[in-house]
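S.K.: Here is my input; please provide its structure:
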Amino acid sequence: MQRIAIALGGNALGKDSETQRATVAKVCRTLVDLIEAGNEIVVSHGNGPQVGMIQLAFDTGAKATDAISPMPLPDCTAMSQGYIGYHLQAALQAELARRGMPWQAVSVITQVTVDKNDPAFKHPTKPIGAFYSKEEADALAAQNPDWQFTEDAGRGYRRVVPSPAPVEIVERDAILSLLAGEYIVIACGGGGIPTLMTDEGGKPVAAVIDKDFAAAKLAAAVGAHTLLILTATDAVYTNYGKPDQKALSHLTLAEAESLMAQGHFAKGSMLPKVQAAMNFVASAPARRAIITSPDAAEAALRGQGGTEIVAQSKAFVQ
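M.R.: The predicted structure follows:
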């Protein structure tokens, strides 16, 4: 049996509840295929569109009536973990029951610690929530001195928050206990709820942790052998979208580093996936990461598709 940590992209899940349910049902068939093949899985997911919708709903409501208040970003992340996790565990349980398999799925609302000295806190870059006019943004900044706003492609002003690196998973021991009990665990949704540890305990912070970096941290924390990042493309490409694009079947850490330096991976798209995969592979010997699409996942695990990233060579992980 192999323990596989799986990262699902938030954009791949759909932008409304009905679409998400249908997409999740299809993805979960792939996930149960992996279990049926003898693997143990732990699942994380993105929440980019979903947490934005939650934040926007509260921001819009607050602009319309005093009966609704803006919702703090950590709470919005927790809400997105809850409803995406619910869709995933319900779809997994339905697929398991259809095949007569005994496992159960469970979602864990997950906090992830960050470092208060992370440079990201000095340079917020992640836009969230509603668009505002310059006057509205200035008024909100006056009411909330720690908020920062930036103009977004001519569409108005949006609040920006930091995107710090994940340090530790607060619920790690609970996740490990559930895995030991043969539960399928869904954790670290949306990168986890960013948390600063203080003498009084955890303190939520308005930030967004990249979900691929959090997935790599989760994979290492639970002792996974493989990190499987599922995205919209079947592999990592050089010159992506150009006539001479080329799919990469295998990459060593050194090769991936070289291609990153050449600018082959888009900053807001493939780059964080490759970086997260590298972080996981470098965290311990004999670990590998695979980047591919959900439809190609099972074949990619057998070395028949996707992009496999290893420390030195394919032989290193065999």
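
S.K.: rest of the way, CA atoms for contacts and neighbours
M.R.: Fine.

S.K.: what's the next secondary structure element after the helix or strand bottoming out on mean pLDDT in the chain?
M.R.: Least confident element among the helices and strands of the chain, by mean pLDDT, DSSP states H and E: strand 126-132 (a mean of 77). Using DSSP states H and E, the helix or strand that follows strand 126-132 in sequence is helix 134-143.

S.K.: same for that following helix, what does it pack against?
M.R.: With contacts taken as 3 or more Cα pairs under 8 Å, 6 or more residues apart in numbering; DSSP states H and E, helix 134-143 sits against strand 148-151, strand 157-161.

S.K.: Contacts for the next helix or strand after the last one, please.
M.R.: Counting by DSSP H and E, the element after strand 157-161 in chain order, helix or strand, is strand 168-169. Where contact means Cα atoms under 8 Å, 6 or more residues apart in numbering, the residues beyond strand 168-169 that reach it are 110-114, 217-218, 221.

S.K.: what's the least confident helix or strand of the chain packed up against?
M.R.: Here strand 126-132 touches helix 48-64, strand 157-161, going by 3+ Cα pairs under 8 Å, 6+ apart.

S.K.: Strand partners (parallel or antiparallel) of it?
M.R.: Take DSSP bridges as the rule and strand 126-132 pairs in its sheet with strand 157-161 (antiparallel).

S.K.: and the partner strand with helix 134-143, angle?
M.R.: Relative orientation of strand 157-161 versus helix 134-143 (axes from the mean of the first three to the mean of the last three Cα atoms, to 10 degrees): 30 degrees.

S.K.: if we can go back for a sec, nearest to V32, of the helices and strands packed on strand 126-132?
M.R.: Closest approach to V32 among these (Cα to Cα): helix 48-64, 24.3 Å.

S.K.: same question for the helix or strand following the closest one, mean pLDDT?
M.R.: Next helix or strand after helix 48-64 toward the C-terminus (DSSP H and E): helix 73-98. Across helix 73-98, the average pLDDT comes to 96.

S.K.: Would you map the strands across the stretch 151-300 of the chain?
M.R.: Along the stretch 151-300 of the chain, counting by DSSP state E, counting those that start in this stretch, strands occupy 157-161, 168-169, 183-186, 193-198, 201-204, 226-230, 236-238, 246-248, 250-252, 288-292.

S.K.: on that earlier part again, out of the contacts of strand 168-169, which is nearest to A174?
M.R.: T110 (10.1 Å).

S.K.: Any stretches of this structure with poor pLDDT?
M.R.: 11-12, 14-15, 129-130, 313-318 (pLDDT under 70).

S.K.: ok, 50 please
M.R.: Along the chain, segments meeting pLDDT under 50 span 314-318.

S.K.: which residue is nearest the centroid of it?
M.R.: Central residue of the chain (Cα atoms, centre = their mean): K211, 2.5 Å from the mean position.

S.K.: May I ask you to confirm that it is in contact with V43?
M.R.: No: using Cα atoms under 8 Å, K211 is not in contact with V43, being 11.5 Å away.

S.K.: list the residues that contact both of the two?
M.R.: Looking at what touches both K211 and V43 (by Cα under 8 Å, 6+ apart), the common residues are A7.

S.K.: Next, count neighbours for Q111.
M.R.: Neighbourhood size, Q111 [other Cα atoms under 10 Å]: 27.

S.K.: Got phi/psi on it?
M.R.: phi -100, psi 140 (degrees, to the nearest 10).

S.K.: With the flanking residues excluded, which residue is spatially nearest to it?
M.R.: Distance criterion Cα to Cα, 6 or more residues apart in numbering; nearest residue to Q111, sequence neighbours excluded, is I193 at 4.5 Å.

S.K.: Which residue, neighbours along the chain excluded, lies closest to K134?
M.R.: Nearest non-adjacent residue to K134, counting by Cα to Cα, 6+ apart: Y157, 6.4 Å away.

S.K.: who does that neighbour bridge with?
M.R.: Y132, E151.

S.K.: Going forward, the N-terminal residue is numbered 52.
M.R.: Sounds good: first residue 52 from here, last item Y208.

S.K.: Much appreciated, bye for now.
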